[in-house]
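Q: No letters, just coordinates:
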């Protein structure tokens, strides 16, 4: 999803978050190959305690990781915390 968004919306910047070092490494390798490092950053983090200040982002998305979250309402509350007013 990250790379599709970056290819579709040129002005977009993305912060990808994952608990898995291997997933972050794979994402970084893909970003390197596609030449998109200036538009994306991959960060180790937990969906229940995102490493960002409140009201940081305009938009958020979750793909397959949502299926691995035993407490989806808490994860969505944390995502909402980092969204700006009016963000989605």
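A: Yep, it's here. It should be emphasised that the depicted structure is a prediction, and the values quoted were computed from it without experimental measurement.
Q: Pull out the buried positions in the lowest-mean-pLDDT helix or strand in the chain.
A: The least trusted helix or strand in the chain, going by mean pLDDT, DSSP states H and E, turns out to be helix 2-8, with a mean of 92. Across helix 2-8, burial judged by 16 or more other Cβ atoms under 10 Å covers 2-3, 6. No exception for glycine: its C-beta is placed from N, CA and C like everyone else's.
Q: Off-centre distance for it?
A: 12 Å (Cα atoms, centre = their mean, to the nearest Å).
Q: need the helices for this protein, in chain order.
A: Assigned by DSSP state H, the chain shows helices spanning 2-8, 21-34, 72-82.
Q: Of all those, which one is nearest residue 56?
A: When the helices of the chain are compared by Cβ to Cβ, helix 72-82 sits nearest residue 56, at 5.0 Å.
Q: Contacts for that closest one next, please.
A: Here helix 72-82 makes contact (Cβ atoms under 8 Å, 6 or more residues apart in numbering) with 47-50, 52-57, 60, 62, 66, 69.
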